[in-house]
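[1] structural data only, the sequence is not supplied:
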Ligand code: UD1
């Protein structure tokens, strides 16, 4: 396992381009299982999770090739397996998303239950209840979901919680079901809209994505051969914006969709951050955000915040960890309350080892502001916790060793290069038991 050594404090400068969204890319890759055409995705990010998904789809029999100009071409006409095994699903929970499309197109699927993961139990009951409503016969045996259906039939499905993955799984399944499905209390994340746009381009009829009610008119096949570009990663963009703010630096983050980031940008503004948004009138995905540094020390200019994570359009759980180093540097205390996952504060003990003073009580973190961070060896526990440690390392005095960065490589494309391009002193030590 690699580790990163970051020497701080850093003064950032320069411009970086946000990569394509991981959380859009994964379900969109899965949705190629629905298609009888040839699908070209123009801009998949080079991430560990994307290569894991490629491996899973190839195991099922998908043909996937990369063109010389970096596009990825999918053909899923000749599947030979309908099983996602435990090894795959435990490595990456998004593997579970193949369940819906496999039953919808091939009438059968065997997919391992994900089990627990570092940030919480992450059940799949909402996925399974919805698929059962669509007529899938589901049996749980030996840690696996065995599902079959001659032909899925449309239904009205009310989600008990707006689960992102369940909404995606059910949109995919309902796209090839007989009749018109209504999903109520659906997740509203931008990645859901991206998936719906992708399915519609392939010939599907998904309406209302981005709202709580989504209507899917099933079609007998999806056979358009298409090219598609995935939206930019709002979580990666937020991480780099916070990097600029926390170091009081002048940087520009390009290739962002600011309307996907309202809750995050509002929170940062509330804390006193100063940034300039430039909208590109020619391209919906090409806004840019310039961080304007404060002339005086940020410790006295930023103020604390009370944040509650919530499903979109609320403040995303995926940026909660990254906001914490900023709260540590703010002049007044903050409270961050996590409502989506039950165990998503694993960065807290590591940040405390760097000198932070954060008290955990139930699902809230009470953060004393105006605290100096110092370098220490720290351990990444999950993807966004890793990003929080990198942000803390940028302002900590000395060499921070960030161990187990494979979590980071799952979701941040070219992280070392992007940090280096922004003038961060970072080096990767490969291998080792760290
Ligand atoms: C997706 C994102 C992840 C993000 C999360 C919440 C991807 C690949 N991952 O994960 O980055 O943090 O949304 O925005 O897009 N739940 C159940 N039963 C279910 C499904 C979910 O109880 O059947 C619970 C989970 O345990 C969790 C909460 O609902 O506590 C949210 O999960 P969900 O929205 O499904 O997240 P994911 O799709 O796994």
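    Good, I have the coordinates. Note that the structure is predicted; figures quoted are calculated from it, not measured.

[2] quick check: residues of the chain near the ligand?
    Applying Cβ under 6 Å from any ligand atom, we find that the chain lies next to the ligand at 23, 26, 93-94, 120-127, 161, 163-166, 191, 317-318, 340-341. Every C-beta, even on glycine, is put in place using the N, C-alpha and C of the backbone.

[3] kindly recompute the last result at 5 Å.
    23, 26, 94, 122-127, 163-166, 317-318, 341 (Cβ under 5 Å from any ligand atom).

[4] of the residues you listed, buried ones?
    Using 16 or more other Cβ atoms under 10 Å as the burial test, the residues of the chain next to the ligand include 23, 26, 94, 122, 124, 126-127, 163-166, 317-318, 341 as buried.

[5] export these to TSV and append columns for pLDDT and secondary structure.
    Converted to TSV, these look like this (pLDDT from 0 to 100; DSSP: H, G, I helix; E, B strand; the rest coil):
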residue	pLDDT	secondary structure
23	97	helix
26	97	helix
94	94	helix
122	72	coil
124	94	coil
126	96	helix
127	97	helix
163	97	coil
164	98	helix
165	97	helix
166	98	helix
317	97	helix
318	97	helix
341	93	coil
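
[6] for the stretch 301-434 of the chain, what spans make up the helices?
    For the stretch 301-434 of the chain, helices defined by DSSP state H, counting those that start in this stretch occupy the ranges 317-329, 347-353, 383-395, 406-411, 415-421.

[7] ok, of those helices, where does mean pLDDT dip lowest?
    Between those, the lowest average pLDDT goes to helix 406-411, which shows a mean of 90.

[8] which of the three states applies to residue 269?
    helix (DSSP: H, G, I helix; E, B strand; the rest coil).

[9] how far does the helix or strand residue 245 falls within sit from the chain's center?
    Assigned by DSSP states H and E, residue 245 falls within helix 234-246. Distance, stretch centre to chain centre, for helix 234-246: 14 Å (Cα atoms, centre = their mean, to the nearest Å).

[10] for that helix, name the packing helices and strands.
    Identification of packing neighbours for helix 234-246 by 3 or more Cβ pairs under 8 Å, 6 or more residues apart in numbering; DSSP states H and E yields helix 22-31, strand 250-256, helix 262-270, strand 275-278, strand 287-291, helix 317-329, helix 383-395.

[11] swap in 7 Å and give it another go.
    If contacts are counted by 3 or more Cβ pairs under 7 Å, 6 or more residues apart in numbering; DSSP states H and E, helix 234-246 sits against strand 250-256, helix 262-270, strand 287-291, helix 317-329, helix 383-395.

[12] ok, the first one: who's next to it in the sheet?
    This means strand 250-256. strand 13-17 (parallel), strand 287-291 (antiparallel) (DSSP bridges).

[13] show me what counts as buried in it.
    Buried, per 16+ other Cβ under 10 Å, within strand 250-256: 251-256.

[14] of all the helices of the stretch 301-434 of the chain, which one is nearest residue 52?
    Residue 52 lies closest, by Cβ to Cβ, to one member of these: helix 406-411, at 8.2 Å.

[15] now the closest one: buried residues?
    Using 16+ other Cβ under 10 Å as the test for burial, helix 406-411 gives 407-411.

[16] who's in contact with the closest residue to residue 252 other than its chain neighbours?
    Spatial nearest neighbour of residue 252, chain neighbours left out: residue 15 (4.3 Å); criterion: Cβ to Cβ, 6 or more residues apart in numbering. Residue 15 is in contact with 251-252, 254, counting by Cβ atoms under 7 Å, 6 or more residues apart in numbering.

[17] quick one: the strands in the stretch 1-150 of the chain, in order.
    Per DSSP state E, counting those that start in this stretch, the stretch 1-150 of the chain carries strands over the ranges 3-8, 13-17, 39-41, 63-66, 72-75, 83-84, 108-112, 137-141, 144-148.

[18] first to last residue in stretch 350-368, what's the distance?
    From its first residue to its last, stretch 350-368 covers 15 Å (Cα to Cα, to the nearest Å).

[19] list of residues touching that stretch?
    Stretch 350-368 is touched from outside by 324-325, 327-328, 333-339, 345, 348, 371-374, 376, 378-379, 388-389, 392, 396, with contacts defined as Cβ under 7 Å, 6+ apart.

[20] for the ligand, what is the nearest residue in the chain?
    Nearest to the ligand in the chain, going by Cβ to the nearest ligand atom, is residue 165, at a distance of 2.8 Å.

[21] out of the buried residues of helix 406-411, which is nearest to residue 301?
    For these, the nearest to residue 301 is residue 408 (29.0 Å; Cβ to Cβ).

[22] list the contacts for that closest one?
    Neighbouring residues of residue 408 by Cβ under 7 Å, 6+ apart: 380, 383, 386-387, 415.

[23] same question, residue 421
    14, 16.

[24] ok, it to residue 134 distance?
    Computed as Cβ to Cβ, to the nearest Å, the residue 421 to residue 134 distance reads 47 Å.

[25] quick one: which of the contacts of residue 15 is nearest residue 78?
    Closest to residue 78, out of all of the contacts of residue 15 and judged by Cβ to Cβ, is residue 254, at 39.7 Å.

[26] thinking again about what came up before, out of the contacts of residue 408, which end up buried?
    Using 16+ other Cβ under 10 Å, the buried ones in these are 380, 383, 386-387, 415.

[27] returning to that earlier point: now the buried residues of strand 250-256 as CSV including pLDDT?
    As requested, the buried residues of strand 250-256 are exported to CSV (pLDDT from 0 to 100):
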residue, pLDDT
251, 98
252, 98
253, 98
254, 96
255, 96
256, 96
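
[28] of all those residues, which two lie farthest apart?
    251 and 255 (13.6 Å).

[29] wait, residue 127 touches residue 166, no?
    Yes: counting by Cβ atoms under 7 Å, residue 127 touches residue 166, with 4.5 Å between them.

[30] next one, pLDDT for residue 217 please.
    For residue 217, the model assigns a pLDDT of 98.

[31] check contacts around it.
    180, 205.
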